[in-house]
Structures are given as C-alpha cells and as structure tokens.
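Q: Whatever this is, show me its structure:
(chains A and B)
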2 protein chains.
Amino acid sequence: MPLNHLIRDGDNPDITEERQKATFSTEELAIEIYGEPLAQRRREISAEVLKRPELLDDCPHVFLDRTTKVENSMKKTVAVMEKGSEICDFTSREELGHLVCEVFGDDGFPLSIHFVMFLPAIQGQADDEQAEQWIPRAMRLEFIGTYAQTELGHGTNLRALETTATYDKRTQEFILHTPTVSAYKWWPGNLGKTANYVIANAQLYIDGKSHGPHNFLVQIRDENTHQPMPGITVGDIGPKFGLNTNDNGFLRFDHVRIPRRNMLMRHSKVSADGVYSPPVHPKLSYGAMIFVRATMIRMLAHVVLKAATIAIRYSCVRRQGEIKAGNGEVKILEYQTQQHRLFTALARGFAYRLVGDEVKNLYEKIAEEVKHGNVEQLADLHALLSGMKSIVSYDSGKAIEQCRMACGGHGYSHASGIPEMYAVEIAGCTYEGENMVMLQQQARYLVKGIHRLAHGEELSTMLQYLANTSNNKFRIGESGVDLENALILALEYIARSTIERVTARLDSLQNKGLSAENAWNENAVELTRASRTHTRLWIARCFRDRVHRIENHAIRSALTDILELFLTYEVVDMSQYLYQGGYANSDQVAQVKDAMYKLLEKIRPNAVSYVDAYEVSDTELRSVLGRRDGNVYDNLLKWAKSNPLNRTEVLPAVEKHLMPMMLAAKSKL
Amino acid sequence: MPLNHLIRDGDNPDITEERQKATFSTEELAIEIYGEPLAQRRREISAEVLKRPELLDDCPHVFLDRTTKVENSMKKTVAVMEKGSEICDFTSREELGHLVCEVFGDDGFPLSIHFVMFLPAIQGQADDEQAEQWIPRAMRLEFIGTYAQTELGHGTNLRALETTATYDKRTQEFILHTPTVSAYKWWPGNLGKTANYVIANAQLYIDGKSHGPHNFLVQIRDENTHQPMPGITVGDIGPKFGLNTNDNGFLRFDHVRIPRRNMLMRHSKVSADGVYSPPVHPKLSYGAMIFVRATMIRMLAHVVLKAATIAIRYSCVRRQGEIKAGNGEVKILEYQTQQHRLFTALARGFAYRLVGDEVKNLYEKIAEEVKHGNVEQLADLHALLSGMKSIVSYDSGKAIEQCRMACGGHGYSHASGIPEMYAVEIAGCTYEGENMVMLQQQARYLVKGIHRLAHGEELSTMLQYLANTSNNKFRIGESGVDLENALILALEYIARSTIERVTARLDSLQNKGLSAENAWNENAVELTRASRTHTRLWIARCFRDRVHRIENHAIRSALTDILELFLTYEVVDMSQYLYQGGYANSDQVAQVKDAMYKLLEKIRPNAVSYVDAYEVSDTELRSVLGRRDGNVYDNLLKWAKSNPLNRTEVLPAVEKHLMPMMLAAKSKL
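A: Down below sits the predicted model:
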C-alpha cells in the first residue's frame, strides 16, 4: 500500500503518480505535527462538517459582496453554536480552531474577537467578583464583546490615546469620552455591526490627575434592539485589503457613564471614594498582547502551508514547456525555479508551524511562572515574540506570494484562493505591533546584551551565543563538521557580528556627543536588521531542536530534508552578513547553494506528500487549484461559469451603455 | 513665494510646513518628468474632469460589487467617448492616457484591450486591404475587440496552444475549434461580457499539416443583440486579486467558420487554394509582445509613485511616538525606518519612470529600423525587455507594499488606495510573460555573451562591461573616485561576476556529461539571479545617464540625490555579490550604507515636494490618506460612514441571526 493515504479513484493520474512516490507515511507525519488524538479528530470533524449543508457555503465566498459575506458568516455562526458541539469538543482550543477553519476560513467571523481577545482580557484583568459577573454570560453568548484600543489617530503608543475615563466620585461612575475625531476608536474587529459590549482602553482621570491607560467594560448597543446606546456612535470602517467578513469598526463616546465596577480591577483599582491603586508589577498588563503574539505565529504558518499545498499540487497537474525539445510538456514542478519558490515556502511553513508550537509552550510555561510572581523570563519572552511576530509575518507573506505567482495567471484568480490568503496573512505585519516598532523593541534587548557582555555580566540562555568569539570561520565542508552544524554556527555568526556592529556604531555616535535618542534613530534601520538576524537564528535553532526530538525514523528523515533546506536558504538569503569580518568566502557560499539545489531535487518526489500530510481539507482550502483530486480544469470552468457576472448572457449595462454607443457609431456613416 | 506650488489655504499645517521647505520648484521638476506642454496639459485635463460629474464616481469604487463596478465603467466609457474630445486631444497617447487614469484609475475599463492590444495587433499584422477594412470601424468603436491567446491549460508556450484553425478549401473558410476543456481561451481582458470581436491565436492546419500559431479575426457576439454567435461559448472568468473592473473572459469555439481573409496576413498568408506562405523573418511576430513590455514599465512605475505619494504625504500628517521623551509625538516621517521604506520606494519609482521613457524611445527607434528590414538590435531589445519587465514588476510590488505597511493600519484599509494598487501592479509579474521564464530568456543572451567573449567575438554595447576585467576592486572612498562612479562600477562587477560564475557552473556540468537542457535546469535559479544583476545594472546606468542630461541645475541636483540613494540602495541590496572574488570588504559595504543613511536625511526636507512634483491629482489618486490637503482624519470618518455596511444602524442579518441567538442564551437561564 502506498505510504500516502490520500490516493482515491477518479483522481488526476498526474497527482496520483506523485502520491505513489512517497517515502514516508503521510499519516505518521500528520501525527508528528498534530499529535494524537488530534490528527484523527481533525479528519473526523472535517467529515462531519461535509455532512451538514448549514455549515457550508452556498457559493464561493469570493463571489459575495461584503454585506452578504457578513450575513453568511452570521448565519453560519448560529449553525455552529447549535450543531457544533455534536461535532467537536468546544473545550478543546485545537478542535474548535479546526472547526472554525473549516466553516469560516480565515476571513473573520462574528465571534473571533469575542473569543480571542475579549474573553481572555476579562479572564486576565477582571478581579474575581467581576469575572464571576461577566464570564459566564460571555461564554453563553448572551452578548458579543470586542476589545477597543487603537484610535483613528493613535496606534501602538498607548500613552498617546485620547479617549478619557473620568471618575465622578459623586455618582461613582466613570465618564467615557472621545474628545476629538482622532480619538475615535478605530479598527477593533467585530465592533462595527456585531458587538454590543466593548472593553475600551482609556486614560483614567481622577480629580484632574491622569493615571494612564486602563480598560473599561462598556455596553454599546441595546441587548434587545441592538440600537446604539445613548452617547454611542458606532459603525463599520469600510472595505479593506482582506478580512472583509470582519466588521472592523469605529466608536465614539459622548460622555457615556458606566458604573465604577466596570473598570477591570485585577491589577489597578479605583475605590468608591476615588483612591487609585496601581498594579503590583507594571509589566503584568503585557499579558494579553503577548498571548496574541504567541498564538499568531502558528496561525501565520498555517496560511503559508495552505498556499504551499495549493501551489505544489497544482504544479503537478499543470504542464507547460518542454525541458527537452520533443519530449512533451512537463509538470511545472520539474523546473528548478519552481522547486526553489515552492519548497522554500514549504520549509518556512513547516519551520514556523513547528516553532510556533514551541513558542506557545514557552508562553504557557512563562505565563504560569508569572502567575506565581516570577517575571524573570518575561523580558526574554517579550523580546523574542516582538522579533518572531515580525519575521514570521513578513517572510510568510513573501512565501505566499511566491506560491501564488508560481501558479501563473490562475494564481491571480480568486479561484486559487491564494490572493485572499496573502491579504489576510500580511495584515500580521501591522496588527499587534507594527513590525518596525517590534524589531526595534527586540533590538533594545540585543544591544543591552552586548553591553552586559562588555561589562562581564551574565547573559540569558537566548543570548549565550554572543559570547562565542571562537566561532570566527565558516566551517562548511571541513571534516567532522556536518552541514547542519556548520549552518547553525554560520547563523550564530551572522547574528552576533551584525548585533556587534550596530552596537559599536550606536556607541560611537553617542561618544561623538549625539543624544541617545538621535543615535538610536540614526541606527534604526541597522537595528532592525540586527533584530532579524537574531530572530532567524532563534527560529532555526528551535526548528532544529524540534526535528532532533522526532522518534519515528522515517519522519525524522523526511523533516531533516526540510530542515536542511530551510537552513541553507536562510544562510544564502543572509549571505551578505556572512562575509563580515572575513568569516566566509564566496566559494563557501557557493557550497551552501549547491547543497540547497541538491536538497530541492531530494525533496521533489515527496513534495505532494509533505503538503498532503499537513492535511488541510478541500472545504478549508477553498481553492480550485489546490483540490486534493487534482481535477483542476473542469472545476475552474464550473467555478467561472457560476460567477455573478455570468448571471445574464448580455449584461444589462452593455445593453444600456455600450450597445447604443456602438450602434450610433455605425449609423454615423 | 515657496517653490512648491501645491500650497493652499485650509491645508493641514503639518503638510504646508513640508511644502515650504522645498529647495526646488515642483513645476520645474514636473516639466523635467513630463515635458512641455504635457505637464501643463495634464493639469488642465484634471481640472476639466473635475467639472464633469458624469466622468466622476458617485461613490468610492471600492464600495461596489463587481457587477456594479463594470456597469459604472461602461457608463463612464460612453461619457468619455461623448465628452472626452472637449477635454483632451485623442490623438495624443499621453493626453488620452492621463484622461483614462483620471476617469478609470488602473482597475481596467471596457476599451483597454481594444486600444492597447486589439488595434495594435491589426495595425501590425493585417495586410493593407485588411487594415482598410477593419481599422476605421475599430477606431469609430462600431465594435469592441480583444486579443485571445492564452488558454485554460496553456500560457507562454505558444506552440502548445490547442485551439485549431483548419482551412476548408472547398468553402475558403477557416474552422476555429476548441478541442478540449484545457483549450478554452482564458484570461483575455474585456472578453467576458464586453468584446464582440476577438483576434484569436490558433494552430493553423491546411490539408492535415500544422503551420503553427497564427492570428484570426473572429466575431463572437452579434452586433445588434450582443448575444454569442452560433458555436461560441463566452463568459467572465470570475473575481481576481485585482483588476475586477475588467471582465477577463473565457471563450470556446465549436467548429466556428470564418472567411479566409479573416486570418491576419501581413506576415504569413494562406491563398484561396490553400497554399501557405511563411513570414520573411520569424522574429517579426515579436512586435506586439515587445510593444506591451516596453510600455508597461512606465505604467508599473506610475503605480509605485502613486503609492509613494500617499505614504509620504500621510507620514507628514500622522504623528506617533516620541523620539525624545516629553517633546511630543513626531511626524512619523522623522523615523529613519520610515524614510528608508519610503524614500527607497520613491527612488525606485523615479528610476523606473524615467528609465521607462528611455525604454519606450529605444523601442520606437528599433521598431522603426525593423520596419526597414534591420532586425539587428531586436535580440538585444527582446532580452532587455524580458529582464526589465521582471525586475520592475517585482521590485515595484515590494516598494508598494512597503508604502502600504508604512501607513500602519490605515494602509490596509481601501481608504488608503494602496491595496488595490498592489493587486493591480503585481499582476505584472505574471502577464506578458511569467517572470521566471522571462529572466531565463534574458539569461540565454547573457551566457551567450560570455561565450562570445571567450571566443574573442564582439559584444553588443549593452554587454561591453563583461570585458572589463580591470574593474576588480571596489574603489569607494578612494581619492578621485566619486560615489556615483564607484557604485556603478560595483554594479558592473556584481553583474559580471555573477554571470561569469553561473556560466562556468553551466559549462562545467555539461563538460561532466550532463545534457544542455538538464545543465540549464540545474542552474536555473542562479541564471535568474544573474539576469537580475544585469538588468539592475542597466537600469542604474540608464537612470544615471538620464539625470546627467538634465540642464536645470536645481532639478539636476534634486534628482541626483534620488539617483545616489537609488544606487546605494541597489548596491546594499545586492551586497552579497559584492564580496565575490574579494571585490569588496565589509567596511566598504558599511561605507555605502553610511552614504545611504546620509541621503535619507538629505532627502527628508524635500520628500513631499518630490511626490507633489509628480502631480497625481486627488481624482486619480483615489486615496483618503494621500489627499493633497493632508486633511486625513475627518475624511476617513466621512468615507467610513458612507460605506454600504452602515446603510442601516442594525444589519438585517444581526436581527435575523445574532439577536435571536443572544436572546435565547439569556432565556435559557
């Protein structure tokens, strides 16, 4: 029996041929990725969804206008709430997450922010009494909440938010107010038309004194009529690049009064008589933000692997051009350029996905320590996530675009599914902290590391490599040094030398009399580069460690090919840094490239099996090009014929406008 | 009087402050870019369009569904045909092009392929009698044509097209036929619902013998009813990443008969009795393709400059974060990371725009020579355009995305206008020859160059630098070597050493016994890299020569800053190649970076004036963020409030689905 478990009768023979070549069991790789019983549960959930038409779309979602998209997702939300528990265990994040992917895809749905940010914020920031009051109601969906922080004129700099919450001692209420147009809350997901409650971030004022931004629970729409409450202006912010099923919204408060106990009071408190108590540890409020950054890595990786699934499968059924004249057109996956585009995307997808698991585990471990008052590793985690979020969002975007372009013209059609994937994924460069800001946050931590080293102070585990000055020659090809080790050391050198250089430049500008702030800004671009090299090293090491832990020999071997491709690609892509201080020469870099090209050939026979093993169902994939069965062309035609523009043979607009114009031109003669 | 001519009362003071700093006249730079009288004519046309509501959109085009977008563009098409000649000289490509940008933007309109491909194809490929028969009718718009080449299963490899045109001697007709699903014509612009005539590319068969692909004029819809003609199946291919106002279509022929004289017969002919005469020169049919590639460079550059206009203006009215604590939030353009993102995009935009002019001129010169039978430079031009098209489409896309992300969250909104710009522009990587294929076409020319050199044969002007082996040390900072020269020489070295390396690798694999085809495929990625280095050198030299020719001192100085930034950026971006063979060391690369960062500071005060001088009107820009007056926030709010999702305070779908769900949850207690 073939090791690839997705072979079915009626499939395109070109894709069956690929599956017959598998050298590892796709089910075993799925278990390595998802673990048991999740790998099996995912398949069962997918099968159950297929049986329930109320959970499926009547037509491709990309045929719908925004209002209909939103309506469709609301209808399916009710169906999931009614029937979902028959299919999946709602208490399992992983099972529920899979169900959401099947039913909604990744363009948003009405409860996404309610579950991903609103509830966790209450869980993390409400005191016990408040939690008891709000969490059960929120879990039962008596209302839908969202989280409102950014404003029309203000983003990541929380101290500059303009919305105020002024305490009125007399009535024991806070007065929420939006003083200017730039202070409108702007962007919160599901705020526009869905949510009737928000957690709003506002500057707390007591007796004319500001205590900085705090979170307040505010009802914005009536629970019975859904009309905005008095003093509330709320609406949708309009169409976007992607995520158009989500009604991201705007919100204005006009002196809206809420009870004192609607301020979330686990960390900071305001007493009835207006006495403010600050949090014990100022960094405790990081929690929510760090949580989202920790979980978004896997989500971004998931999109890359979906795009790779589509492009790799399609590249085995599309034939174009001859390699040897007269031998017939070949599968386009035979071209090295195609392999280079797609297998490196595949490698990054796997790397980010598996490293994403590790990051999630690390987050959970540190979050547990923080609960017990140990915030020692919080700075490390915060720095790491700032970098990770930036690298993974940007490099995933590039990989997805390569997958799209590798599908030629059809990749550009929404029939491929990839344009929407790019638009959704690339938003990750901006939300939860704009990448340039994030990279500089991490850079502060790195520069501090070099300074600590210079002062003989201890470095955290994450930065130990900065002290390894004996790593000063590229050892590729030396006897006793395997490829993997040589490449990891090369990545360590790249990061170390880049961080050292920018720190020296920073110090020298300050020694010349420049202020710390200006010296920083004059090095800002180089600091972001340093931050990238560090993060990419961390990802590479973490991916390597993950692959080394695999016990199943065939699976370890399969993922070792992916790991090695990933490492060679990273080193080639950053090779400009490899020459710094004479670490490497161009012949050595050519050796890395040769190794990379050999790995492409090695991976080629298993390409379809790698993506098959990631097991994204056709329902979730929403792609004509990426169909499991490879029957692409007939289905493209079917898809096209059913699109709204073909509802009438002759468009009414043609009859009304173009036909009279052409007929008039004829009659003018 | 300030040198920037766009200052008006009521503007945002933050943007006026920028304009007051201009060190050159924006009108003089506009003249340098557009020439006179076009610079002035463009402004007049923009002003006239503003006076005619029938040429303007009733609401932002991004609020409309596809069917309405298409309808809207048809309505405006009729208005342009009726009123356009009052506004602009239809015989001037430049004036008409500007009018189209104002009225339609770049998302497509019903006549785009009629004018850009259908008419030029007839002009180039019809014989005199055919031209006389068809061109006047096409010019008068008695019908609308398009150009149908690619098929569902076939793209750039013309020889594999499946559509057949079989000559029937008996009736002196061709029978057009689509034998399979993969042979459906697929993608032609305006084919789906608009066009009633096509030029179809099909394999010519006479007496069972194939003569390869030829072009045939076929009526596909009735001129009176617009219904498909007998044997024709035609429709729209569905929604895409961008260009959704264009009804790209599919087309099937079921034994459709057309007169013999509907084959375009300037180059090849079929006589009444079925005798085939091939073209005199096989490369003459390149013409149409080369024309589009030559003109698309400027179009792609135009999109980059529009995105840069938006992002640079917005970065002067958006304030976020403090550089020095306590000094207040700064314009985000003060950050080096922001300058690096935006000014390098600006530099690429200007480089590609001005080089695009040169390419267009070169095309016209060579096309003229070809007309007189001189095809000597056709291969050079073909190779150059293959590379140019690839570099400019991909690097422009990256630049546009940087502009978008530099606008933070608001960049992601369609209110910025940039998401659609990216989606439209990036299509250029795929249409008119997929980039990987194009880069390899150019690489063949480059490898041939190295081989010619080895055999002591002469090189074309474009490749002379391959012989310059004395350029073997990076001379930056040496006395007597200015920055510009050092950088151009560095780019020459980068290209030469990269082409040499890959040719050597190719030759060595063949010497080891690999077939030419397999050796090529095993070097394909490196060949594309070599192709990129050559093209980027050519662009840099051409841009340098263009700037050197500027007579106005202030304008030359202003564009010299842009040129130097462009050159430093290109060298830094390709610095991994600079180390090859020990040409440069890392301290020298650091010098280039320092020069680049200094140029960012130097350009900063003029940033808004550079984009102002490119003079894209607010009508054409279609961007709330990029408005000339800088009054962004009030208008973002207005834009958002008017979007379709806000038509009702409570969405019908919320009443129907979510409210019952929430109320049921409450009543369950």
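Q: And the helices in the stretch 551-669 of chain A?
A: A:553-573, A:575-578, A:586-603, A:607-614, A:618-621, A:632-641, A:652-653, A:659-667 (DSSP state H, counting those that start in this stretch).
Q: Deepest-packed of the ones you listed, please.
A: helix A:607-614 (a mean of 25; mean count of other Cβ atoms under 10 Å in any protein chain shown). (Each C-beta comes from the backbone N, C-alpha and C, glycine too.)
Q: Go through the helices of the stretch 551-669 of chain A and name the closest to residue B:24.
A: Closest to residue B:24 of the helices of the stretch 551-669 of chain A is helix A:575-578 (Cβ to Cβ; 34.3 Å).
Q: Residue A:595 against residue A:564, yeah?
A: Yes - here residue A:595 lies in contact with residue A:564, judged by Cβ atoms under 8 Å, at a distance of 7.3 Å.
Q: Check which element follows the longest helix seen in chain A along the chain.
A: What stands out as the longest helix in chain A, according to DSSP state H, is helix A:336-371. Using DSSP states H and E, the next helix or strand after helix A:336-371 towards the C-terminus is helix A:378-406.
Q: can you list the domains in chain A?
A: The record's domain parsing of chain A by automatic domain parsing lists A:23-109, A:115-279, A:435-614.
Q: Count residues in the vicinity of residue A:509, would you?
A: 17 (other Cβ atoms under 10 Å in any protein chain shown).
Q: swap in the one 4 residues further on?
A: Summarising burial for residue A:513: neighbours were counted as other Cβ under 10 Å, giving 8.
Q: now do the one 10 residues further on
A: Residue A:523: 24 surrounding residues under other Cβ under 10 Å.
Q: wait, what's in contact with it?
A: A:502, A:505-506, A:509, B:336 (Cβ atoms under 8 Å, 6 or more residues apart in numbering or on different chains).
Q: For it, which non-adjacent residue is spatially closest?
A: residue A:506 (5.0 Å; Cβ to Cβ, 6 or more residues apart in numbering or on different chains).
Q: isn't there a helix covering the one you found?
A: Yes - residue state for residue A:506 (DSSP: H, G, I helix; E, B strand; the rest coil) corresponds to a helix.
Q: That one touches residue A:517, doesn't it?
A: No - assessed by Cβ under 8 Å, residue A:506 is found out of contact with residue A:517, at 11.4 Å.
Q: Residues that sit against both of these two, list them.
A: In contact with both residue A:506 and residue A:517: no residue, using Cβ under 8 Å, 6+ apart.
Q: Look at the two and report which has more neighbours.
A: residue A:506 (22 against 13).
Q: who's in contact with that one?
A: Counted by Cβ under 8 Å, 6+ apart, residue A:506 has contacts A:447, A:519-520, A:523, A:527.
Q: Mind checking the pLDDT average for stretch A:531-540?
A: For stretch A:531-540, mean pLDDT is 98.
Q: Just checking the distance from that stretch to the centre of its chain.
A: 17 Å (Cα atoms, centre = their mean, to the nearest Å).
Q: on that earlier part again, and the longest helix of chain A with helix A:586-603, angle?
A: Counting by axes from the mean of the first three to the mean of the last three Cα atoms, to 10 degrees, helix A:336-371 lies at 90 degrees to helix A:586-603.
Q: near chain B at all, helix A:336-371?
A: Yes - Helix A:336-371 lies within reach of chain B by Cβ under 8 Å from any Cβ of the partner chain, at A:336-338, A:340-341.
Q: Specify the angle between that helix and helix A:553-573 in degrees.
A: 100 degrees.
Q: now helix A:336-371, how far from the chain's geometric center?
A: For helix A:336-371 - counting by Cα atoms, centre = their mean - the centre lies 11 Å from the chain centre.
Q: Show me what that helix is packed against.
A: For helix A:336-371, the elements it packs on are helix A:287-317, helix A:378-406, helix A:524-548, helix A:553-573, helix A:586-603, helix A:607-614, helix B:435-454, helix B:524-548, judged by 3 or more Cβ pairs under 8 Å, 6 or more residues apart in numbering or on different chains; DSSP states H and E.
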